[in-house]
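S.K.: I'll drop the sequence and a predicted model, then ask my questions.
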Amino acid sequence: MTGIMTHDGILIKQGDSYDIVMHFRSKCGKDFDISGANVTLNIKSGENNLFSIAGEIIEPAKGLAVIKITPQHTSVEAGVYEANIKAVFANGDVHTIFPQDITKNAVFEIVQGV
């Protein structure tokens, strides 16, 4: 599992796997129950959707979810793509949770393997 995630980018070596583990918390730092929620990583190349990965809710009451990026996803051409992670909650609310800075676009960069 080789990769780096920052507040506005994900960097992964071509052909590798990487897990994005998320812990949802309220403003006061308590676990946020995400029962019935969906999280999705979306990767675009220009205006074209390259792929989307549905996350798995691991422990809903504790607010834990994971998005598993596989070699199938990272075997595309090395380069820089646009990324976001959206959460859709049981009440229908939609939130872009990545990038954290809403004034920036996030990048998903695949670097060429050795």
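M.R.: Great, that's in hand. Residues are numbered from 1 along each chain as shown.
S.K.: where exactly do the strands run in this structure?
M.R.: Here the chain has its strands, by DSSP state E, at 3-6, 9-13, 18-23, 38-45, 48-54, 56-59, 64-69, 79-88, 94-98, 106-111.
S.K.: relative to Gly29, which of these is closest?
M.R.: strand 18-23 (10.5 Å; Cβ to Cβ). (Glycine included, C-beta is placed from N, CA and C.)
S.K.: which strands or helices does the closest one pack on?
M.R.: Identification of packing neighbours for strand 18-23 by 3 or more Cβ pairs under 8 Å, 6 or more residues apart in numbering; DSSP states H and E yields strand 3-6, strand 9-13, strand 64-69.
S.K.: for those strands, give me CSV that also has mean pLDDT.
M.R.: Formatted as CSV, these follow (pLDDT from 0 to 100):
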stretch, mean pLDDT
strand 3-6, 92
strand 9-13, 95
strand 64-69, 98
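S.K.: residue ranges with poor pLDDT in this protein?
M.R.: Along the chain, segments meeting pLDDT under 70 span 1, 114.
S.K.: surely Gly79 and Phe108 touch.
M.R.: No - if you go by Cβ atoms under 8 Å, Gly79 and Phe108 don't touch, sitting 9.3 Å apart.
S.K.: neighbour count winner among these two?
M.R.: Looking at Gly79 and Phe108 with other Cβ atoms under 10 Å, you find the greater number of neighbours at Phe108, namely 26 against 13.
S.K.: is it true that the more buried one touches Tyr81?
M.R.: Yes - using Cβ under 8 Å, Phe108 is in contact with Tyr81, at 4.5 Å.
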